[in-house]
Every structure is written in C-alpha cells, then in structure tokens.
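J.: sequence and predicted structure, then a few things I'm wondering about:
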Amino acid sequence: MYPIIEWKNNKVYMLDQRILPTEETIIEHNTYQDVAESIKTMVIRGAPAIGVAAAMGIAIGIIKVKNDLEKEYKTIYETLAATRPTAVNLFWALKRMNLVFNKYKDNIEILKKKIVEEAIIIDREDVEINKNIGKNGQVLIKNNSTVLTHCNAGALATAGYGTALGVIRAAIENNKKISVIAGETRPFLQGARLTVWELQKDNIDVALATDNMIGHLMSKRLIDSIVVGADRIAGNGDTANKIGTYSIAILAKHHNIPFYVAAPTSTIDISIKTGLEIPIEERDKNEVIFFRGQRIAKEETKVFNPAFDITPNDLITAIITEKKVIYPNFKEEISSLFVNNTP
Ligand code: MRU
C-alpha cells in the first residue's frame, strides 16, 4: 500500500496528490506551516485525510513550540483552521487535539508526547472506521453491478481504504463482481487522476467518464447504483460533497437509481440544521481557466469555481456510516447516532 500520510521521526510525509497519476512523489513536512500549505494546495485532500493532516499539523507545531505555549498554539490552531472551510473533519480533528492540549498544557513534555499520540490515533482509527463503513455498505451493492462514484472518496482521501471506495472494496472482498465508473471531476480531476489510479492499483475494474456523460450512461442503464463520499453532512442529512454531486443525485432520482453517501460520523455536523449553513469553498479561478497547465480560457474570463455543492436529503437513498446505514427520516436517524452530542 502507498503511504497517503505518515508521521515519522517527528515529520509528516504526504503523497503529493496534485501530480498523480504521472508522478508518485512523497513530500516531507517539518513545520505546521508546511502542513497547512499542503492542505490548502491539495497535496492532501479528502475530508478524513485533511482531518488527519490537521491533527499532525498541530502535533508538529506543538513539538516545536519555543516560547509562549498558549500564544503559539493559538496561531498554529488558527492557521490550520483557515486552510479549507467545507470538510468538517478538519474542525472535528482540531477539536480532538484541543481537548488533549487543554488537558496536558501544564506539562510541556507530557503534552508533546500526548499530542503526537493523539494525531497517530486519529490516523489509525480512520482506517478502522472506513473498514466498518465498507462492511455496513457493501450489502447495498448488488453482485454483477456497476457503481458510479464521483471525485475521490478512496484510500487517497482518508488514512486508508476509503469511504465510498471502501464500500466498493468491501463488496469485492465479499466476492461480488463489481465494475466502477469514475466521473472525471472537473476542475481538479480527482476522479480521473486519483480514483482511476487507486482502483487500477488494486485491479478493480474501472472506466472513466467525463462529468457530462453521466446522464447519458444512466439513460442507457449502465449505472446500477451511486456511492459518493461527503465533506459535511447537516443535521437533516443534506450533504456537501465535491462539485457535481448534486447534478448526479438529480439524475439518479430521475432514473430511479439508488444514491448512497458513505461517510464517517465525524463528517456529520449536528451543530447545523440544513445544508444551507454549510460554507462552500470557492477556489482559485486558475483551476478552471487552465487544464493541466494549459490555458483554455483568457485571463480576463469570469469564472465560477465552487469546490463543493449541496445534495438535499430527499435525493439521498441512504447514508452509510461506520455505525450503521441510515435511511430517511435522516434528521431522527442522525440524532440517534449522537449521544450527548458525540458520535
Ligand atoms: O476537494 P477535495 O478533493 O478535498 O474533495 C473531496 C471530496 O469531495 C470527497 O468526496 C470527500 O471529501 C469525501 S473523502 C472520503
């Protein structure tokens, strides 16, 4: 297995996802600023993976603190929190690190040890969680079927195994014959560059389609189900995921194809009621006017570049979590997953 993110000798190593599949390069990070920059520029991406990266960012920052612990910690925390706004896993991981900080801040040596331990625990737990998402979700995937996925909600988007791709992996491990269609996912091409790359590495049958082909493929009955990941799920089940997910969900409804969201409970944000409250990241216009370094529109072109969209809960057949699969009414089902506001 390739390392997606790794803590080694007080450094953080990440596979550079910006240049896959043509180059497989590992980047070393020595400071929390390096880690923050890699989250922002999408060296690492995907909700659970950026949660792990943020936790390791806190850890690397704390072990290098020189003077005023509280003041420096605040800067580290705020820098990491300002990297990407939509995926709630980032804030979830920061909150976990914050609890450790507050518990041990009076003894810097113990704090350094505990904060590194917590980041490593968050990393390891994520793989286990994804395996359980896979186990719970694979029962929904029929033998001899074709599954559409969008963006990359695979091993590369997590600490390993993946959420949406974890469901597919688990179905295959259960001896089901599955073909995958990966939507290209303009403008960052996570589907073409990352999902196809990681499925091919595992010898999983995958075909690539550009985003505008999906309706046609559905009309030809070439897609049996859809599984996508999530960046943030509101208390009523409305789901933020990669731009283009909403269009797929509408098409799925029209063609009566089940639309599943696979995500850990750490992606559910019960502090917000509906998807309207989810902040949508707007990214640099150059991601749209350039295609793999090649200019495709003039500099002065006005551009939309929202990185995510919201799929309303009524378009979602089920949400697959590590605890269980939940069905509408999502509001009630989601609150049943949280006891005392914690999953
Ligand atoms: O902009 P990205 O690549 O970070 O967006 C990733 C997605 O939208 C994924 O589908 C989501 O984070 C789930 S990853 C398990």
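T.: The structure has been received and is ready for your questions.

J.: how near is the closest residue to the ligand within the stretch 101-250 of the chain to residue 83?
T.: For the stretch 101-250 of the chain, the residue closest to the ligand is residue 229, as judged by C-beta to the nearest ligand atom, at 2.7 Å. Yep, even glycine has a C-beta here, placed from its N, CA and C like the rest. As for residue 229, its distance to residue 83 is 19 Å (criterion: C-beta to C-beta, to the nearest Å).

J.: neighbour-wise, which of these two wins?
T.: residue 229 (32 against 20; other C-beta atoms under 10 Å).

J.: just give the nearest non-adjacent residue to the more buried one, would you?
T.: residue 153 (2.6 Å; C-beta to C-beta, 6 or more residues apart in numbering).

J.: my guess is the one you found meets residue 168, correct?
T.: No. Between residue 153 and residue 168 there is no contact under C-beta atoms under 8 Å: 9.8 Å.

J.: what is in contact with the two at once?
T.: residue 227 (C-beta atoms under 8 Å, 6 or more residues apart in numbering).

J.: which of the two has more neighbours?
T.: More neighbours surround residue 153 than the other of residue 153 and residue 168, with 34 against 29 (other C-beta under 10 Å).

J.: so is the more buried one in a helix, a strand, or just coil?
T.: Using DSSP: H, G, I helix; E, B strand; the rest coil, the structure places residue 153 in coil.

J.: residues touching it, list them.
T.: Contacts of residue 153 (C-beta under 8 Å, 6+ apart): 46, 162-165, 227-230, 262.

J.: and the residues you listed, which of them are in strands?
T.: 227-228, 262 (DSSP state E).

J.: can I get the residues you listed in CSV with neighbour count?
T.: Output for the ones in strands among the contacts of residue 153, formatted as CSV (neighbours: other C-beta atoms under 10 Å):
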residue, neighbour count
227, 27
228, 26
262, 30
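
J.: can you redo those residues as JSON lines with pLDDT?
T.: Formatted as JSON lines, the ones in strands among the contacts of residue 153 follow (pLDDT from 0 to 100):
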{"residue": "227", "pLDDT": "99"}
{"residue": "228", "pLDDT": "99"}
{"residue": "262", "pLDDT": "99"}
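
J.: now render these as a markdown table, adding distance to residue 32.
T.: Converted to a markdown table, the ones in strands among the contacts of residue 153 look like this (distance: C-beta to C-beta, whole Å):
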| residue | distance to residue 32 |
| --- | --- |
| 227 | 34 |
| 228 | 31 |
| 262 | 30 |
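
J.: residue 158 and residue 127 touch, don't they?
T.: Yes. Counting by C-beta under 8 Å, residue 127 is a contact partner of residue 158 at 7.5 Å.

J.: identify the contacts common to these two.
T.: With C-beta under 8 Å, 6+ apart as the test, residue 158 and residue 127 reach no residue in common.

J.: of the two, who's got more company?
T.: residue 158 (31 against 16).

J.: chain neighbours aside, what residue packs nearest to that one?
T.: Per C-beta to C-beta, 6+ apart, closest to residue 158 is residue 48, 4.1 Å.

J.: check which helix or strand covers the one you found.
T.: helix 47-63 (DSSP states H and E).

J.: mind listing what's buried along that helix?
T.: Burial within helix 47-63, assessed by neighbour count using 16 or more other C-beta atoms under 10 Å, is assigned to 47-62.

J.: kindly report the residues of the stretch 51-200 of the chain close to the ligand.
T.: Residues of the stretch 51-200 of the chain lying close to the ligand (C-beta under 6 Å from any ligand atom) are 87, 151, 153, 157-158, 163, 190.

J.: how does it look with 8 Å?
T.: 84, 86-87, 89, 150-154, 157-158, 162-164, 188, 190 (C-beta under 8 Å from any ligand atom).

J.: just the strands in the stretch 201-343 of the chain please.
T.: Assigned by DSSP state E, counting those that start in this stretch, the stretch 201-343 of the chain shows strands spanning 206-209, 225-228, 232-234, 239-242, 259-262, 268-269, 290-291, 294-295, 308-311, 318-320, 325-326.
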